[in-house]
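Peer 1: Sequence and predicted model, in that order:
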Amino acid sequence: MKFIISMKIFIRIIKILIIISPCILIGWLLWKNFVPSGNFSAVYKFERTPWISALRPGHRISEIREEDGIRVQSLTDDPVYFDITFPITFESVVVEADYKNPLNQPFKIGAFTSKKDWKFALKDFDSKKDLGDGWRTATVEFNLSGLDKSGRKIMMILSLPEIRKLGGEVVIKEIRMRAIKTPTTILDYVFSY
């Protein structure tokens, strides 16, 4: 008798899991693709990610290496590019990087405003936060409305205009982005159609 009751309970639990699992998966996918919170974040630590591309071109950067157990890459020439891809449309993006700049070279970051004319909106990427051991964090925000986008992708530039004259390198440990839009609710989606 106990075995039959246990088996009925087990079968009921399995049925509930079969019904709930796809609902949880669909809910998670909707949350990731619609971003109702209004914030979407991604991190690039020199491993493949769909949101932040690898640095390029290869002749202006070092090979990825480990330094004190952390994956890093050096900028050795100017300029260096990477792409940010968004899952949906956003209003602005905050880009942060952890880096070492031993020669305190001028360091700028920019985003394409016109690929046709090869123009960028450049901003100083100077550190406001010291992390210790020579590491610093720099943060810059871009309004996405004036940028040249290919679908949901923007091209970014890291610029070290004095690197050829001063030599040396800037070591990057991590690049982060936080895309921002007005938060939405289910009612916003229902009444927008």
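Peer 2: Arrived safely. Numbers count the residues shown, from 1 in each chain.

Peer 1: So, low pLDDT: which residues of this structure?
Peer 2: Applying pLDDT under 70 to the chain picks out residues 1-5, 30-33, 186-193.

Peer 1: And R60, its phi and psi?
Peer 2: Main-chain dihedrals, R60, degrees, to the nearest 10: phi -110, psi 0.

Peer 1: so what's it up against?
Peer 2: 75-80 (Cβ atoms under 8 Å, 6 or more residues apart in numbering). Every C-beta, even on glycine, is put in place using the N, C-alpha and C of the backbone.

Peer 1: Quickly note the distance from it to V80.
Peer 2: For R60, the distance to V80 (Cβ to Cβ, to the nearest Å) stands at 5 Å.

Peer 1: R136 in helix, strand or coil?
Peer 2: strand (DSSP: H, G, I helix; E, B strand; the rest coil).

Peer 1: Would you confirm that it contacts K100?
Peer 2: Yes: at 7.3 Å, R136 counts as touching K100 under the criterion of Cβ atoms under 8 Å.

Peer 1: R56 against F82, yeah?
Peer 2: Yes: between R56 and F82 there is a contact at 7.0 Å, judged by Cβ under 8 Å.

Peer 1: Just want to know which of these two has more residues nearby.
Peer 2: Taking neighbours as other Cβ atoms under 10 Å, R56 and F82 compare with F82 leading, 19 against 12.
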